[in-house]
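K.L.:
sequence? don't have it. structure:
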Ligand code: 5GP
């Protein structure tokens with residue numbers, strides 16, 4: 001499981017979508033949320049948009065692998081698709097906040113193998129201008145997200161990797177390098193045991 005977190009507007013959604021496009025073994029987890037749909041967002045693609053009551057029902061039925069209240073809205077990861085993809089040998093990418101990252105890391109059983117990356121914006125002014133140019137949120141929401149950025153940023157040291165998103169193509173290269181190195185870890189290359197045995201007779 002590859003978790004990407006960042007303050008809102010640092011570019012993580014763009015990066016995660018591009019990353020899964022380039023690697024057929026990576027699958028993006030689609031979260032449920034109670035926030036309203038932004039212009040251009042598609043239900044079932046960007047998020048599954050649901051009412052608070054339905055979300056709470058999913059919590060009660062233990063259907064969520066993790067969930068959190070972010071900017072006054074609920075966001076959560078459905079358990080079943082993730083377990084299905086992992087069982088198929090796929091790697092799953094999550095665009096979630098620090099609360100979700102902590103909960104995934106604490107999971108026991110079939111979903112405990114987490115690699116986490118914290119993505120930083122190049123500067124505070126760049127972060128603000130990205131939030132504004134996105135032009136999808138109201139001014140009060142942009143201000144609230146700027147103030148929340150500080151709280152999100154304070155969790156950077158809980159992540160395995162940290163990077164600055166100066167330029168999309170360069171950042172994609174960095175993320176691909178992280179994925180490649182993680183896949184090469186001895187503990188993940190269980191298939192190679194037999195190969196090594198064959199080499200030594
Ligand atoms: P946005 O409303 O801008 O799409 O997302 C707001 C924040 O919620 C982002 O930091 C995003 O990563 C986080 N988020 C999105 N989906 C989930 C989820 O399923 N769980 C958690 N914990 N956070 C999420």
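P.N.:
Great, that's in hand. Just so we're clear, the structure is a prediction, and the values are computed from it rather than from any experiment.

K.L.:
nearest to the ligand: which residue in the chain?
P.N.:
In the chain, the residue that lies nearest the ligand is residue 100 (2.6 Å; CB to the nearest ligand atom). (Each C-beta comes from the backbone N, C-alpha and C, glycine too.)

K.L.:
is it true that that residue touches residue 75?
P.N.:
Yes. Counting by CB atoms under 8 Å, residue 100 touches residue 75, with 7.3 Å between them.

K.L.:
if we can go back for a sec, so the residue of the chain closest to the ligand is in which element?
P.N.:
Using DSSP states H and E, residue 100 sits in helix 98-105.

K.L.:
pLDDT on that helix, on average?
P.N.:
Average pLDDT, helix 98-105: 96.

K.L.:
phi, psi of the nearest residue in space to residue 62 that is not next to it in sequence?
P.N.:
With sequence-adjacent residues excluded and distances taken as CB to CB, 6 or more residues apart in numbering, residue 62 is closest to residue 79, at 7.4 Å. Phi and psi for residue 79, reported as degrees, to the nearest 10, are phi -70, psi -50.

K.L.:
tell me the contacts of residue 79?
P.N.:
Counting by CB atoms under 8 Å, 6 or more residues apart in numbering, residue 79 makes contact with 62, 63, 64, 65.
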